[in-house]
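A.B. asks: Have a look at this fold, sequence not included:
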């Protein structure tokens, strides 16, 4: 067998099973058959009744002593119109059909006796349905009956998914080939991830079982490794910005996972197959919201506090994002824009003769003493005032009322850096959305300036996209993320997004992700129209995936790539942090 990681078959034994001592072929061959080139023939193409082959799918039968599995990759050659074509396909399902038309006949024949066996029992037959991944040379036709079907190895599997044609391939895991075997590495094309031919990656999966954050961080780890200077390669600089939206999950990724060295696991081998050291994100920096005393609202991870004064918000053009929601009336939105205009000087700075702190602005709004107040209805003025007061009251730390200088997030860089992890999990949803908008706005401004750095990619990692760009919404923050998804990939702003339900996220954000990934997902979600482009077998498989398994789709694939991810080398929770080695412990006092 040519498959990597498979035990090599005993070709001599196979040959002895096929041929007798005189070299004659016996009548019955019930197992795999050796073919030239150390290949293993496991079946032949056929067309069961009412299940005829098409240009996208075909069927093949296998003898009784051959084990075949769903998700294995196979190849076959057919001579059509005087020319030989080579097909590569993915087994969608393995079927077994008995000879009896009615199971009642089988039960009656045995008289319900489980120990009884008929003297001339028929075993039925096994056949497989397969989806075509690639045809060489390209034709839109199925293989012909009785063509040999061969088990694919790593080279054939990679060829089936077009790894040989990728402009800049990057492995993100191992390519599953059945329930427990592999056919080499699972690779994606960076030209479809980083903006040349497409951009962005999106993953869907149910909470916990979908392991979405693990996938996003694994891709990030591979990208940072890929960004190392390499002779003959275009320069690549990766600036990762990771938003921590759930608990403290991502605030420990610079620490090793306690289970990584478990001898019962194969994690080290998975990372070794990728050629990447199994190590946490060394040098990662962490940011957390400031409390009322200006200290970070999370301890133990050496986080830096962040906050915005009125000056910071005005000079970074963020004022309208404080009010971004679909329930904002047009009159309120107009008043918000007028306030921002009144507070901003011609050079984009806070006007020195206007309010200088949040407290001063609130007082001017309460008294209706802003210049723009004269053109708006009193009800509108009071509604916007109440909205701003509520925002400032619930976020006293990140919007200090009486300070003129804050600690805003400054995330722009010019070379590859370790991840910048920004915690927002403790903030209310409107404030989470504001922080995301502030980061995205700053990154977009950096990439659309005059001095854009060649090869620089800002990679935004954001889970729970339904909070920030919900389907059907048209507020400012949703439109900002839609702009990133639809326009900014060519400018080097890449979104690695995730959500439990893609059906709840803006269609522009989902559909503009060139690489789509499915973790374990529920049946109701998979019935939504956003998944109708995926074949039924792939959707059925998605309901049964383990946490470390993903289905990966990019525009060049005909079918999703069944991928096994390496176990995270970094802690995903405070409880996951590995204990320090004995020589790292502080001395006893």
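C.D. replies: Here it is on my side, so go on. Please read all numbers here as calculations on a predicted model, not as lab measurements. Numbers count the residues shown, from 1 in each chain.

A.B. asks: Going by residue numbers, what spans are helices in the stretch 1-150 of the chain?
C.D. replies: In the stretch 1-150 of the chain, the helices defined using DSSP state H, counting those that start in this stretch lie at 11-18, 103-110.

A.B. asks: How about residues contacting the last one?
C.D. replies: Read it as helix 103-110. 98, 100, 116, 118 (Cβ atoms under 8 Å, 6 or more residues apart in numbering). C-beta: built from backbone N, CA, C; applies to glycine.

A.B. asks: Could you list the buried residues of the helix ranked longest in the chain?
C.D. replies: If each helix of the chain is counted by residues according to DSSP state H, the longest one is helix 429-447. Applying a neighbour-count criterion of 16 or more other Cβ atoms under 10 Å, one finds 430-444, 446-447 buried in helix 429-447.

A.B. asks: Equivalent analysis for stretch 71-83, please.
C.D. replies: Using 16+ other Cβ under 10 Å as the test for burial, stretch 71-83 gives 71-76, 78.

A.B. asks: what's the answer for stretch 332-352, then?
C.D. replies: Judged by neighbour count using 16+ other Cβ under 10 Å, the buried positions of stretch 332-352 are 332-333, 335-336, 338-340, 343-344, 350.

A.B. asks: again with stretch 556-569
C.D. replies: Within stretch 556-569, the residues that qualify as buried by neighbour count (16+ other Cβ under 10 Å) are 556-569.

A.B. asks: Please enumerate the helices of the stretch 251-400 of the chain.
C.D. replies: Remark: helices assigned in the stretch 251-400 of the chain by DSSP H, counting those that start in this stretch are 267-274, 310-315, 330-343, 358-366, 378-394.

A.B. asks: sorry, back to before: return the member of the helices of the stretch 1-150 of the chain having the minimum mean pLDDT.
C.D. replies: Per-segment mean pLDDT for the helices of the stretch 1-150 of the chain reaches its minimum on helix 11-18, at a mean of 43.

A.B. asks: which ones are touching residue 356?
C.D. replies: 310-311, 350, 404.

A.B. asks: if you set the cut-off to 10 Å instead, what comes out?
C.D. replies: The neighbours of residue 356, taking Cβ atoms under 10 Å, 6 or more residues apart in numbering as the test, are 309-311, 343, 350, 402-404.

A.B. asks: from these, which would you call buried?
C.D. replies: Members of these that pass the buried threshold by neighbour count (16+ other Cβ under 10 Å) are listed as 309-311, 343, 350, 403.

A.B. asks: Could you save those residues as a markdown table and add columns showing pLDDT?
C.D. replies: What follows is the buried ones among the contacts of residue 356, written out as a markdown table (pLDDT from 0 to 100):
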| residue | pLDDT |
| --- | --- |
| 309 | 96 |
| 310 | 97 |
| 311 | 97 |
| 343 | 96 |
| 350 | 96 |
| 403 | 93 |
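
A.B. asks: State the pair within those that is farthest apart.
C.D. replies: Greatest spacing in the buried ones among the contacts of residue 356, by Cβ to Cβ: 343 and 403 (16.3 Å).

A.B. asks: if I look at residue 294, how far off is residue 411?
C.D. replies: 20 Å (Cβ to Cβ, to the nearest Å).

A.B. asks: So for these two, which residue has more residues nearby?
C.D. replies: Counted by other Cβ atoms under 10 Å, residue 294 and residue 411 do not tie: residue 411 has more neighbours, with 21 against 13.

A.B. asks: helix/strand/coil for that one?
C.D. replies: Assigned by DSSP: H, G, I helix; E, B strand; the rest coil, the conformation of residue 411 is coil.

A.B. asks: Hmm, it is touching residue 458, no?
C.D. replies: Yes - the criterion here is Cβ atoms under 10 Å, and residue 411 meets it with residue 458 at 8.0 Å.

A.B. asks: can you tell me which helix or strand the closest residue to residue 219 other than its chain neighbours belongs to?
C.D. replies: Computed as Cβ to Cβ, 6 or more residues apart in numbering, the closest residue to residue 219 that is not its neighbour in sequence is residue 172, at 5.7 Å. Following DSSP states H and E, one finds residue 172 within strand 169-176.

A.B. asks: buried set for that strand?
C.D. replies: Neighbour-count burial for strand 169-176, counted by 16+ other Cβ under 10 Å, picks out 169-176.

A.B. asks: now stretch 470-489
C.D. replies: For stretch 470-489, a neighbour-count test (16+ other Cβ under 10 Å) marks 470-471, 473, 475-478, 480-482, 484-485, 488-489 as buried.

A.B. asks: neighbours around residue 299, how many?
C.D. replies: Using other Cβ under 10 Å, residue 299 has 11 other residues around it.

A.B. asks: same thing with residue 135?
C.D. replies: Using other Cβ under 10 Å, residue 135 has 19 other residues around it.

A.B. asks: residue contacts, it?
C.D. replies: By Cβ under 10 Å, 6+ apart, the contact list for residue 135 reads 55, 78, 85-89, 141-143, 558.

A.B. asks: Report the central residue of the chain.
C.D. replies: If you average the C-alpha coordinates of the chain and look for the closest C-alpha using Cα atoms, centre = their mean, you land on residue 203, 3.6 Å from that point.

A.B. asks: Any idea what residue 244 is bridged to?
C.D. replies: Beta-bridge pairing for residue 244 (DSSP bridges): residue 423.

A.B. asks: got the domain boundaries for the chain?
C.D. replies: 11-160, 188-306+408-576, 310-405 (automatic domain parsing).

A.B. asks: ends of the shortest one, how far apart?
C.D. replies: This means domain 310-405. End-to-end distance for domain 310-405: 8 Å, by Cα to Cα, to the nearest Å.

A.B. asks: Relative to residue 537, how far out is residue 478?
C.D. replies: Taking Cβ to Cβ as the measure, residue 478 and residue 537 are separated by 34 Å.

A.B. asks: who are the neighbours in contact with residue 203?
C.D. replies: Residue 203 makes contacts with 210-216, 219, 463, 465, 496-499, 502, 513, 515-519, 550-552, as judged by Cβ under 10 Å, 6+ apart.

A.B. asks: quick one: low-confidence parts of the stretch 401-550 of the chain?
C.D. replies: Scanning the stretch 401-550 of the chain for pLDDT under 70 picks out 449-452.

A.B. asks: Which pair of the buried residues of stretch 332-352 spans the longest distance?
C.D. replies: Greatest spacing in the buried residues of stretch 332-352, by Cβ to Cβ: 332 and 350 (22.2 Å).
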